[in-house]
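show me the folded form of this:
(one chain, ligands or ions: 1)
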Amino acid sequence: MNINNTEEIRAKYDKKASSYDMAFGPMEKMMMGKWRKLLCSKANGLVLEAGVGTGANLAHYPENSNIEKVIGIDFSPKMLEVAKGKVLMAKVPIELIEADIQNLHFEEDIFDTIITACVFCSVPDPVLGFKELRRVIKSSGKLYLLEHVRSEGIFLGPLMDKLNALSVKLSGVNINRTTEKNIELSGMKIVSVEPLLRDIVKLITVSPNKQCL
Ligand SMILES: C[S@@+](CC[C@H](N)C(=O)[O-])C[C@H]1O[C@@H](n2cnc3c(N)ncnc32)[C@H](O)[C@@H]1O
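Numbers count the residues shown, from 1 in each chain. This is a model prediction of the structure:
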């Protein structure tokens with residue numbers, strides 16, 4: 001059984017889009033807000049926010065920055081519909097487009113920065129997704145990923161493995177993704193990893209490593 005079927009994952013996000021912000025409101029207030037601010041402060045030039053969801057990052061892109069424009073993509077039209085309501089709150093130009101990270105219609109080497117927040121837990125084929133991001137980012141560009149990953153803890157790691165199929169079934173979220181390994185499998189290079197919550201939530205800075213192509 002393929003628990004990471006693209007159509008099924010997309011349908012799950014479409015289904016929860018209208019209640020998504022309400023469900024995650026308390027967590028946003030407690031901790032995500034400061035992490036989003038840190039994440040978005042890294043952006044410059046032409047920015048791709050991959051898996052923009054309901055647009056929770058949009059208000060955090062800083063004014064008076066070197067950001068030319070943020071293109072936010074998501075494969076869930078319903079999540080994008082909610083994000084549209086937040087475009088006016090943003091301090092930088094925003095464009096929202098329906099697109100699948102695993103199969104982008106953008107040309108090669110066009111983005112200066114790629115941002116993701118809690119996305120690679122859901123991308124059905126994460127290595128394929130990272131390969132596509134590598135294709136569309138400039139050689140000089142950087143990816144900044146705020147992601148939750150599988151814990152290396154001797155109890156928590158195996159527990160995440162056990163509960164993963166249920167989590168995907170209920171929400172489309174894999175709780176045991178080895179995202180750093182997936183980044184490396186795509187050919188990119190991890191520049192730094194900043195742990196934000198134990199060894200589970202991390203800000204990962206990535207270089208596309210295109211000289212190796
Ligand atoms: C957990 S939500 C996070 C949304 C947003 N980044 C945030 O921080 O609130 C994951 C998002 O990734 C999107 N997503 C997952 N796989 C995708 C894919 N292959 N292409 C585009 N969007 C994808 C989902 O539709 C969803 O909106």
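
CA only for contacts and neighbour counts going forward, please
Fine.

so where is the chain shaky, pLDDT-wise?
1, 29, 212-213 (pLDDT under 70).

which residues of it fall in strands?
Under the criterion DSSP state E, the chain contains strands at 45-50, 67-74, 94-98, 111-117, 137-148, 189-197, 201-207.

and the contacts of the fifth one?
Outside strand 137-148, the residues that touch it by C-alpha atoms under 8 Å, 6 or more residues apart in numbering are 35, 39, 42, 108-121, 175, 179, 200-211.

so what are the sheet partners of it and their directions?
Paired with strand 137-148 in the same sheet, following DSSP bridges, are strand 111-117 (parallel), strand 201-207 (antiparallel).

if I look at residue 31, how far off is residue 2?
Shown here: residue 31 relative to residue 2, a distance of 33 Å by C-alpha to C-alpha, to the nearest Å.

between these two, which is the more surrounded one?
Neighbours were counted for residue 31 and for residue 2 using other C-alpha atoms under 10 Å; residue 31 has more, 12 against 6.

correct me, but residue 95 touches residue 74?
No. Counting by C-alpha atoms under 8 Å, residue 95 stays clear of residue 74, with 11.5 Å between them.

so for these two, which residue has more residues nearby?
Between residue 95 and residue 74, residue 74 has the larger neighbour count (other C-alpha under 10 Å), namely 24 against 13.

can I assume that one is in contact with residue 50?
Yes. With contact defined as C-alpha under 8 Å, residue 74 reaches residue 50; the gap is 6.5 Å.

where do the contact lists of these two overlap?
residue 101.

now the strands of the chain as TSV including distance to residue 158?
Compiled in TSV, these are given as follows (distance: least, C-alpha to C-alpha, whole Å):
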stretch	distance to residue 158
strand 45-50	29
strand 67-74	31
strand 94-98	35
strand 111-117	24
strand 137-148	16
strand 189-197	18
strand 201-207	17
